[in-house]
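# What shape does this take:
(2 chains)
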There are 2 protein chains.
Amino acid sequence: MTRKAIFYHAGCPVCIDAERQFADKLDPNQYQVEIVHLGQTKNRIAEAEAAGVKSVPAFVIDDQAYHINFGADLTALK
Amino acid sequence: MTRKAIFYHAGCPVCIDAERQFADKLDPNQYQVEIVHLGQTKNRIAEAEAAGVKSVPAFVIDDQAYHINFGADLTALK
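The predicted structure is shown next:
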């Protein structure tokens, strides 16, 4: 059964690279990946924060936040 | 064609979680994943450092380092 992985980003170079190398490369038999641009959908910043996301790019899987390198602080997107 | 992704870790809880959620979940049609325990194979710390790895867990893909959260500093493994 596939689980959900949410990839939060903000269009920054670090974000785009992480999307290309990870979000686009996860096994579709394992994860259903949703890509969320927090700069364009600010109403989803709260849910990302609630899951522990501090910066983008980051994944949330099973309610756990996984930050990949550092692109931008979440506070910079508000 | 599959590319190589090296996952460096040190057996720490953050490492084990990242291995389970990412290293084990990358699409085998996209990446050939090699798992390297730097605590047990210290002779590979130099190559990780050369690719820009500062801490584990981290991936190196296309000579770029991708740190996932923070488990342990590389200097703590020497």
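
# going forward, measure contacts and count neighbours with C-alpha atoms only.
Will do.

# Please compute how far the longest strand anywhere in chain A lies from its chain's middle.
Of all segments of type strand in chain A, defined using DSSP state E, the longest is strand A:64-73. Distance of strand A:64-73 from its chain centroid, counting by C-alpha atoms, centre = their mean, to the nearest Å, is 8 Å.

# cool, and stretch A:15-28?
10 Å.

# Tell me who's in contact with the nearest residue to residue A:4 once chain neighbours are set aside.
Using C-alpha to C-alpha, 6 or more residues apart in numbering or on different chains and skipping the chain neighbours, the partner closest in space to residue A:4 is residue A:32 (4.8 Å). Shown in contact with residue A:32 (C-alpha atoms under 8 Å, 6 or more residues apart in numbering or on different chains): A:2-5.

# which residues in chain A form helices?
Along chain A, the stretches classed as helices by DSSP state H are A:13-18, A:45-50.

# Now do the contacts for the closest residue to residue A:74 other than its chain neighbours.
Counting by C-alpha to C-alpha, 6+ apart, the nearest residue to residue A:74 once its immediate chain neighbours are dropped is residue A:55, at 4.8 Å. Contacts for residue A:55 (C-alpha under 8 Å, 6+ apart) come out as A:67, A:70-74.
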